[in-house]
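Novice: sequence and predicted model, in that order:
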There are 2 protein chains.
Amino acid sequence: MRISRLFSKTQKKSPKDEESKNARFLEQAGFISKSAAGIYSFLPLGLRVLNKIENIVREEMNTVGGIEILMPALHPKESWEATGRWASFGALFKTKSNFGGEYALGPTHEEILYQLLKRHISSYRDLPVYIYQIQTKFRDEPRAKSGLLRTKEFRMKDFYSFHTDDKDRDAYYEVIKKAYAKIFQKLGLNAIPTTAGGGTFSELSMEFQVLCEAGEDIIFLCKKCNLAVNKEIVSSKTSKCKNCGGATIEKKAIEVGNIFPLKEHFAKSVNLIFKDAAGKEKLVSAGCYGLGTSRVMGAIAEVMSDDRGLIWQEAVAPASVHLIAVPGGAEVKKSAEKLYDGLIAKGAEVLYDDRDTATAGEKFADADLIGIPLRAVVSEKTLEKNSVELKKRSENKTVLIKINDLNSMLHAS
Amino acid sequence: MRISRLFSKTQKKSPKDEESKNARFLEQAGFISKSAAGIYSFLPLGLRVLNKIENIVREEMNTVGGIEILMPALHPKESWEATGRWASFGALFKTKSNFGGEYALGPTHEEILYQLLKRHISSYRDLPVYIYQIQTKFRDEPRAKSGLLRTKEFRMKDFYSFHTDDKDRDAYYEVIKKAYAKIFQKLGLNAIPTTAGGGTFSELSMEFQVLCEAGEDIIFLCKKCNLAVNKEIVSSKTSKCKNCGGATIEKKAIEVGNIFPLKEHFAKSVNLIFKDAAGKEKLVSAGCYGLGTSRVMGAIAEVMSDDRGLIWQEAVAPASVHLIAVPGGAEVKKSAEKLYDGLIAKGAEVLYDDRDTATAGEKFADADLIGIPLRAVVSEKTLEKNSVELKKRSENKTVLIKINDLNSMLHAS
């Protein structure tokens, strides 16, 4: 990517009226653009990050047998009435056709998926099934704020598993728990498994919480055994750890994932049944496993940044290298162009600041703001030694490396 | 993919109340599932086809310099009022927040993109820019029918180019025309460039039309010079070809793409201006290039099928090979499993009918219905010769090929 071809410029100042770091930095660095409160576009750099996050999630969901589908955003009113949620689901956006028919804009997809499965599941031989999608969802948030952390329209992976009995479902719940741990590890996020309330569907659910002052959740974390519990289900502030009796600390956190058993709840509403081996009709038992991919992007921006800007880890960075041609000499530009072309030809992901209109200072500031893991600078000084100057975004020291060695180094990394 | 793990079964009978072939076959074969008129889920096989179509489109859009972004589906009422389309755009779905604010569900994205560009474009140096997205769109269709050909919610690629002047825009229009030709060629669709009316934005636009009885458009096609013109802009039925004076024939067709100059239309409404080299303020001149990816899937199903089912071309098929283990012997199952594992390990895309519950006849019928380009059958008879029986979906003849040769053949193809 050439910065001269990216229309999404960095802004000199961070947007007004934004308190959270992710909203300020992501917008200032040109990753996202706000159309209204809680409604964002993903610009070229932002879409790259989102795609990388979603592909990491996709890969692990496939590994545990998940089958990907894509369900609609428009949900017929009738299907939400069948589960009783047309009236009870507070944050539901609704729309009407001019030609008859009302629809909910899907914030979750049990209503669609259960109806769909009624056509495909009839016998115990059809179970278990593991189905997921990665999709845009809608929620009429009263307080859409904090950038990508709480929005009216967001990206989400929702995974549903369907089983012949609770035992099979509980066993699969453990498989998903491990898959989530792997996902967050790959994303470079310390997401703490946290016991939480399960609303109407189950006594207990598990949330994945990232400690962060911008978070809206409060969790109690045991200093001794690391057990984490959402404040929602803690009876008093001074309670000790339920597990080991140790002292707990109160922390703000961002919920980036949530897994819980749906049990037979929706199966009962819509009569999703199967015949067991003896021919007896039974309700299908289900689990639901959510992960907010755009919120993860916001959480990463929130916890991995400094006062100069964002600091992406390799796995989710919009590019591996931020190449800067220090303005001035034609020789520098020529060498930088050649280097860029060579790196691209080898399949490296390079953001190349090829602008003739920006000063060296502006280019360095933009590199810090955008936060690509590695910065490579070509200047007259470095060319004297046939080299480029390398610097990790997360460190301060710079090193000179021969241009010829950069290709192989990037390939090896 | 193992058919035993796909929850999306084929149905014995095609759905009632569906006239178009794509609706019948795609639903019967388990590619899509209807939630309501014009609202579909893409099931595992269907999502694969959709992804392949969208990746072919993406590749060509990147080749002509397109920069991918992702804009929201919720559009603030204010932005649609600014262009005058909140009231005038008939097929607009609208929704309201319980906390204030009204939104359109985006059927097209000029309203969002122009506001976005106002923050990023100020000088002639910022132009041209080429921006696209591949996204779910909404349209309150009065007659949502014909499967994926006309839906209330659909997938679309929309590409917008912004230029300093009409000459630059017109030159780029030709680049896009060529890119579209390449896309449809890769998709295996004969999409005829057709002169059409441009509504309020331009005198002329170009549509890409696939001849098909299920289509809702009518075009006049010159038998002599192949010039195609949409009936909308033809004054009388008996008119001869404008180009060569030859006789024309009237044909039904499916519009799968549409490219047209927006000129300064929206730039004027929202004051999207830039300063030219002399410092003078000018309106940005734009072009818009749409391609309905889910409709393309419907069109392919419509024109490439026979009475037994779908016939996918390799480039968009949900898999390359449909492997069938003829039920019966344990040796057959064992060999088929081994063959499947070997092909998957080599990166081949295989749909494997591993069901123990289906008869050979059911498996063959499903293979014809699903329409994967190549069918490979393992039976006791083929195993006697260490072979599998191969048959192209589009042909009737079968050939025996040594199991050891199948791997390399699939790799070479």
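Specialist: It's in.

Novice: can you give me the buried ones in the lengthiest strand in chain A?
Specialist: Longest strand of chain A, by residue count under DSSP state E: strand A:248-263. Within strand A:248-263, the residues that qualify as buried by neighbour count (16 or more other Cβ atoms under 10 Å in any protein chain shown) are A:248, A:251-263. C-betas here are computed from N, CA, C, even on glycine.

Novice: any idea how far stretch A:324-337 is from the middle of the chain?
Specialist: Centre-to-centre, stretch A:324-337 and its host chain are 37 Å apart (Cα atoms, centre = their mean, to the nearest Å).

Novice: then stretch A:2-18?
Specialist: 22 Å.

Novice: so which bits of it are buried?
Specialist: By neighbour count on 16+ other Cβ under 10 Å, the buried set for stretch A:2-18 is A:3, A:6-10, A:14-15, A:18.

Novice: what is the nearest of those to A:K34?
Specialist: A:P15 (7.4 Å; Cβ to Cβ).

Novice: the closest one: what's it in contact with?
Specialist: A:23-24, A:27-28, A:34 (Cβ atoms under 8 Å, 6 or more residues apart in numbering or on different chains).

Novice: repeat the analysis, applying 6 Å as the threshold.
Specialist: Residues near A:P15 by Cβ atoms under 6 Å, 6 or more residues apart in numbering or on different chains: A:E27.

Novice: equivalent analysis for A:V303, please.
Specialist: A:C212.

Novice: most centrally placed residue in chain A?
Specialist: A:T293 (2.4 Å; Cα atoms, centre = their mean).

Novice: show the pLDDT at the closest residue to that one other than its chain neighbours.
Specialist: Leaving aside its sequence neighbours, A:T293 sits nearest to A:R155 (Cβ to Cβ, 6 or more residues apart in numbering or on different chains; 4.5 Å). Looking at A:R155, its pLDDT stands at 98.

Novice: what's the answer for A:V210, then?
Specialist: Looking at A:V210, its pLDDT is 97.

Novice: can I assume it is in contact with A:G188?
Specialist: No - using Cβ atoms under 6 Å as the test, A:V210 is too far from A:G188 to be in contact (10.8 Å).

Novice: okay, these two: which has more neighbours?
Specialist: A:V210 (25 against 14; other Cβ atoms under 10 Å in any protein chain shown).

Novice: which residues are contacting the helix or strand that that one is a member of?
Specialist: Per DSSP states H and E: A:V210 is located in strand A:202-211. With contact meaning Cβ under 6 Å, 6+ apart, strand A:202-211 is reached by A:189, A:191-194, A:196, A:198, A:219, A:251, A:253-261, A:299.

Novice: in the sheet, which strands lie alongside it, parallel or antiparallel?
Specialist: The strands beside strand A:202-211 in its sheet (DSSP bridges) come out as strand A:191-198 (antiparallel), strand A:248-263 (antiparallel).

Novice: same for the helix or strand following that strand, what does it pack against?
Specialist: Using DSSP H and E, the helix or strand that follows strand A:202-211 in sequence is strand A:217-222. Applying 3 or more Cβ pairs under 6 Å, 6 or more residues apart in numbering or on different chains; DSSP states H and E, one finds that strand A:217-222 makes contact with strand A:228-230, strand A:248-263.

Novice: Throw the ones you listed into CSV and include mean pLDDT, thanks.
Specialist: Formatted as CSV, the helices and strands packed on strand A:217-222 follow (pLDDT from 0 to 100):
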stretch, mean pLDDT
strand A:228-230, 92
strand A:248-263, 95
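
Novice: for those strands, which one sits closest to B:G65?
Specialist: Closest to B:G65 of these is strand A:248-263 (Cβ to Cβ; 35.3 Å).

Novice: pLDDT weak spots in the stretch 151-300 of chain A?
Specialist: Applying pLDDT under 70 to the stretch 151-300 of chain A picks out residues A:198-203, A:236-238.

Novice: hmm, try it at 90
Specialist: For the stretch 151-300 of chain A, the stretches with pLDDT under 90 are A:196-205, A:226, A:232-243, A:245.

Novice: return the residues of it in contact with chain B.
Specialist: A:E153 (Cβ under 6 Å from any Cβ of the partner chain).

Novice: now the stretch 151-300 of chain A against chain B: closest residue?
Specialist: Residue of the stretch 151-300 of chain A nearest chain B, by Cβ to the nearest Cβ: A:E153 (5.0 Å).

Novice: quick one: residues contacting that residue.
Specialist: If you count contacts by Cβ under 6 Å, 6+ apart, then A:E153 has A:39, A:138, B:72, B:74 around it.

Novice: from A:S41, how far out is it?
Specialist: 10 Å (Cβ to Cβ, to the nearest Å).

Novice: what pLDDT does A:K94 get?
Specialist: 98.

Novice: number of residues surrounding it?
Specialist: Using other Cβ under 10 Å, A:K94 is surrounded by 16 other residues.
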